[in-house]
Each structure stands twice: as structure tokens, then as C-alpha cells.
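Visitor: Quick one: sequence plus predicted model below, questions after.
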Amino acid sequence: MLKRKVFVAALAVLSFAAVAPAFANPMVGGAPMYENKNIIENAVNSKDHTTLVAAVKAAGLVDTLSGKGPFTVFAPTNAAFAKLPSGTVDTLLKPENKATLTKILTCHVVAGDVSSATLVGMIKKDGGAHKVTTVGGCVLTAKMSGKDVTLTDENGTTAFVTTPDVKQSNGVIHVIDTVLLPKK
């Protein structure tokens, strides 16, 4: 009887171990994020990123962020967009503001696949602050706040990385809690 229980327990552990790699990527917005899907294919499933997805569509960036990449996206949540002054998001989503919206969104994208470990290494190598130039031409300053990575835009606004290293087929997403803006 004891041998049978040990065998069943061992079988359960082996079964879990076989399934465990499927859960390596964190859930984002209540949805699983799949490494074999691209940034857009995953983002559309996150209930925490509906504003970001709407903005990406309005800016005409769906094809770009679905492309080969690799890209690193610092992805603001709906709550991050809600921190902006009342009416800002609605105004940005209007067709006449597409250029401004595109600039804001591309200030959250870096060419290349930059993991949190790589970013932390660059921060340490640069003495505690590493400048990151985005595809939109914005310069973000990456620093550590305890064990958290922060990004500060050229206006002094700081975002915390709340969920790092969400792997995608065309790069990586780091979820952030604040929208970063181009220099005023």
C-alpha cells in the first residue's frame, strides 16, 4: 500500500513537471500569455490592456507590433491610462490626434528583446541609472527602486514595472503602472 502511494505521488509530480513549462509566462489581465503568439495576439486578451489595444489600433501600429521584431514593450495598464487627466485618452483616440498618439505609444517601445535581467545589468553597469532610447525617440531612465525596475520619462514621470518578462514570439512585454510621455 505504501509503495502504491509513493508511486502515485511520484506520478503526480512527474505529471505536474511535464505541464509546468506551459505556465512559465505570467498571466496578464487574467489571460495566459503565450510565447508562441506575438505582442498584439497576447495583448488583445488582457483585460488590463484594453485601452492600450484601442490606442495601438487608433495609431495604426497593429501591423508593426505584430511584425517580426524583436520589440520590448513597456505596456501601460488601463489603470495607468486612467491616471492621465480626464478626457486625455478620448482626445488622443481621435483621428486628428493620431501623430501625437503614435509618438506616445512609440515612447513605450524599444527595438530589441530586453529582458529584466539585461535591463538590471545595464542599470548596475551604468552606476544605478541607464538611459533607454525608444523607437519614438524618447529617452527613458531605468533605475532600481528596491527590487523593482522603474522608468522615468523626460518630464520626470516615473513608472514601475509591475510584471516583467512576459515573453512573446516577437519580443517581450514589461507591464507598467504609469503612461510615459514625450518631452514637453
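Guide: Sure, I can see it.

Visitor: So which residues of the chain form helices?
Guide: 2-19, 39-43, 50-58, 62-66, 78-82, 88-92, 98-106, 116-125 (DSSP state H).

Visitor: List the buried residues in the fourth one.
Guide: So the one you mean is helix 62-66. Val62, Thr64, Leu65, Ser66 (16 or more other CB atoms under 10 Å). Placement of C-beta: from N, CA and C, glycine included.

Visitor: cool, and the second one?
Guide: Along helix 39-43, these residues count as buried under the neighbour rule (16+ other CB under 10 Å): Ile39, Ile40, Glu41, Asn42, Ala43.

Visitor: in terms of contact, does the first one touch Val73 like I think?
Guide: Yes - contact status for Ile39 versus Val73: in contact at 5.8 Å, counting by CB atoms under 8 Å.

Visitor: Need the overlap of contacts for these two.
Guide: By CB atoms under 8 Å, 6 or more residues apart in numbering, Ile39 and Val73 have these common neighbours: Leu65, Gly171, Ile173.

Visitor: between those, which is nearest Ala79?
Guide: The closest of the shared contacts of Ile39 and Val73 to Ala79 turns out to be Ile173 (CB to CB; 16.0 Å).

Visitor: Can you give me the separation between the closest one and Asn155?
Guide: 23 Å (CB to CB, to the nearest Å).

Visitor: Compare the two (neighbour count), which wins?
Guide: Higher neighbour count among Ile173 and Asn155: Ile173, with 26 against 11, using other CB atoms under 10 Å.
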